[in-house]
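> Take a look and give me a structure for this.
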Amino acid sequence: MSKQRVAVIGAGPGGLAAAMLLANRGVDVTVFEKQPFVGGRTSRLQVGEFTFDRGPTFLNMPYILEEIFEETGRDLHDYVEMKRLEPMYDLYFDRGTRHLSMTTDRDQMHQAIEEQFPGNGEGYERFMSEQAIKLSKLMPVLQTAHDKLTDYVSLRVLKALPFLSIGKSLYDVLSEYFTSEELKYAFTFQAKYLGMSAWECPGGFSILSYMEHAYGVHHPIGGVNQLCYAMAKVVEEEGGVIRLGEPVERLLMDDKKVTGLVAGSVHYAFDEVVIGADFAHAMTSLVPDGKLSKWSPAQLKKKRYSCSTFMLYLGLDHVYEDVAHHSIHFADDYELNVKEMTQELKLSEDFSFYVQNASRIDPTLAPAGKSSLYVLVPVPNNLSGLPWEELQPTMTERVLDALETRSPYRDIRQHIEVMETLTPEDWETFGVYEGATFNLGHNLSQMMYFRPHNQFEELDNVWLVGGGTHPGSGLPTIFESARITTNLLRDRAGVGR
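As a prediction, the model looks like this:
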């Protein structure tokens, strides 16, 4: 009997995790990736002699990926060296004049909060205790498919319902714990991982900051991109094939049934197709016109999308040994900055930004005595119509100014050897719909049943993984999407039994 043949479109973290699980289960897997490298948004960027992560820069809840490797009989740590960061990151306020180091050590965290924000330590302890319970109730929801309305009356959802904070924003929830605005920001900025505003993000996502404080923040040596290289290696060890530099041009259809795909003008037949590419981009570029209704190009234009990011990748002739691995620098009027970015779709005069200074612990990213610095500014997606080709030079200088006046990187310009930028338009060219780097928005009308289903509801033999399907964006949830989808393939289609 011949093996079942499954195509995976996109060698990002979701596609690779799905491919390694399927290949381990005896499925004939072929991964098609349009770029000449694996990883997608989680890929490695090489600029001269300096190495960067293109997108995600840390791993939270590593046990999820560890479990996926264990399912294939492997140990993740045989493939990737990881370091847990303490402190996790530094938060800067008041134009960089004050900072708060965030740690998983609860005694230290309580003490630091009380020193800077007297009376708020009790709120932190209550937050940690109550969010532990909340996460335990929500995880079963995040680990199972939600493609029927009856799922909302399932036991797992009913148990989770009191913890979903329905009707409250993430900011509202944190206001129940802290009186300090800055502390509220410290425990809600994680909404940016979803590309959302803390004032609009559903309150259930308060588990995001809890997960960091409970499980820590981890740095894979060589960058987060190394996770994708590790998964790709497992795929090939299991007999799977990864075809790099081979973009899929379109799906082959028999009415609503997908029978294969076209890549490099070659027609390939497959029993099932797993789409790990950006969901909206895939639906608008791979599916023939007239085949979709709920998720048609016209309907996709009406959906809500995450923000985008403006990126600077700086190769320096210096190592900032005394600056934190991760740092977040808040605008003075953070709420206005977030509103302008997510609702008004305009560039803020005063923006927030994030810096990764990984070379202080990772010598593989740059030559000795040099460093790779990664800078990210959340900005509107391309629905804004902002002319990034014109704005890019000015925005670059504005970001460098912010580094020199609002952060410890006071002399950054004199140390720059190489620099590369990436704008929302570049993200869109890379294959990200409207440059929305964190995918479809995570408002309640686009979550669970109302998000594109893991077993795609509009086409037969099509399955989804990645941030555009359930449970959503972020590496831990993307890995969960791969587990959900491959288990559905096994249980519903008999693939990989």
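> and after the helix or strand of the chain with the lowest mean pLDDT, which helix or strand comes next?
Each helix and strand of the chain was given a mean pLDDT (mean pLDDT, DSSP states H and E); the minimum falls on helix 155-160 at a mean of 71. Next in sequence after helix 155-160, counting helices and strands by DSSP states H and E, comes helix 170-175.
> buried residues in that next one?
Neighbour counts over helix 170-175 (16 or more other CB atoms under 10 Å) mark 170-174 as buried. Where you see a C-beta, it was placed from the backbone N, CA and C, and this is true even at glycine.
> ok, those residues vs S101, which is closest?
L174 (18.9 Å; CB to CB).
> Let me see the confidence value for the nearest residue to the closest one once chain neighbours are set aside.
Nearest residue to L174 in three dimensions, chain neighbours excluded: K184, at 4.6 Å (CB to CB, 6 or more residues apart in numbering). Here the pLDDT value assigned to K184 is 97.
> Downstream of the host helix or strand of K184, the next helix or strand is which one?
Using DSSP H and E, K184 sits in helix 181-186. On the C-terminal side of helix 181-186, the closest following helix or strand by DSSP H and E is helix 207-215.
> pLDDT averaged over that following helix - what is it?
Mean predicted confidence for helix 207-215 is 95.
> three-state assignment of P378?
When classified by DSSP: H, G, I helix; E, B strand; the rest coil, P378 comes out as strand.
> Tell me what it is bridged to.
Under DSSP bridges, the beta-bridge partners of P378 are T309.
> low-scoring pLDDT stretches of the protein, where are they?
Scanning the chain with the threshold set as pLDDT under 70 gives 1, 152-153, 158, 160-164.
> before we move on, the earlier item: got the contact list for the residue nearest to L174?
For K184, the contacting residues are 171, 174-175, 178, 198, by CB atoms under 8 Å, 6 or more residues apart in numbering.
> element containing H267?
Assigned by DSSP H and E, H267 belongs to strand 266-269.
> Okay, now the sheet partners of that strand, with direction.
Counting by DSSP bridges, strand 266-269 is paired with strand 257-263 (antiparallel).
> Identify the residues contacting the partner strand?
For strand 257-263, the external contacting residues (CB under 8 Å, 6+ apart) are 7, 9, 32, 243, 246-253, 267-270, 273, 286, 459-462.
> which residues are contacting the strand holding H267?
For strand 266-269, the external contacting residues (CB under 8 Å, 6+ apart) are 5, 7, 30, 252, 259-262.
> If we use 6 Å, what do you get?
If you take CB atoms under 6 Å, 6 or more residues apart in numbering as the criterion, strand 266-269 is touched by 260-261.
> Counting neighbours, which bits of that strand end up buried?
Of the residues in strand 266-269, Y268 count as buried by neighbour count, 16+ other CB under 10 Å.
> Stretch 179-193 now?
Using 16+ other CB under 10 Å as the test for burial, stretch 179-193 gives 181-193.
> Determine how far that stretch lies from the middle of the whole chain.
18 Å (CA atoms, centre = their mean, to the nearest Å).
> Buried by neighbour count: which residues of the one helix or strand L252 maps to qualify?
Per DSSP H and E: L252 is located in strand 248-254. Along strand 248-254, these residues count as buried under the neighbour rule (16+ other CB under 10 Å): 248, 251-253.
> nearest to P118, of those?
V248 (57.4 Å).
> Residues in a beta bridge with that closest one, which ones?
When assigned by DSSP bridges, V248 has beta-bridge partners A263.
> which helices and strands does the strand holding L252 pack with?
strand 257-263 (3 or more CB pairs under 6 Å, 6 or more residues apart in numbering; DSSP states H and E).
> The strand it packs on to strand 248-254, inter-axis angle?
Using axes from the mean of the first three to the mean of the last three CA atoms, to 10 degrees, the direction of strand 257-263 lies 150 degrees away from that of strand 248-254.
> May I see the buried residues of strand 257-263?
Buried, per 16+ other CB under 10 Å, within strand 257-263: 258-261, 263.
> can I get the CA coordinates of the helix or strand E66 falls within in PDB?
Here E66, judged by DSSP H and E, is contained in helix 63-71. In PDB, the C-alpha atoms belonging to helix 63-71 read as follows (Å, rounded to 0.1, in the frame of the first residue of the first chain):
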ATOM      1  CA  TYR A  63       7.700  22.700  26.800                       C
ATOM      2  CA  ILE A  64       5.200  22.700  23.900                       C
ATOM      3  CA  LEU A  65       8.000  22.300  21.300                       C
ATOM      4  CA  GLU A  66       9.800  19.900  23.600                       C
ATOM      5  CA  GLU A  67       6.700  17.700  23.600                       C
ATOM      6  CA  ILE A  68       6.500  17.900  19.800                       C
ATOM      7  CA  PHE A  69      10.100  16.700  19.500                       C
ATOM      8  CA  GLU A  70       9.400  14.000  22.100                       C
ATOM      9  CA  GLU A  71       6.500  12.700  20.000                       C
END
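> Buried residues, it. List them.
By 16+ other CB under 10 Å, the buried positions in helix 63-71 come out as 64-66, 68-69.
> after it comes which helix or strand?
On the C-terminal side of helix 63-71, the nearest following helix or strand under DSSP H and E is strand 82-84.
> what comes into contact with the helix or strand just after that following strand?
Sequence-wise, the next helix or strand downstream of strand 82-84 (DSSP H and E) is strand 89-93. Strand 89-93 has contacts (CB under 6 Å, 6+ apart) with 99-102, 182, 186, 324, 326-330.
> Fine, thanks again, bye for now.
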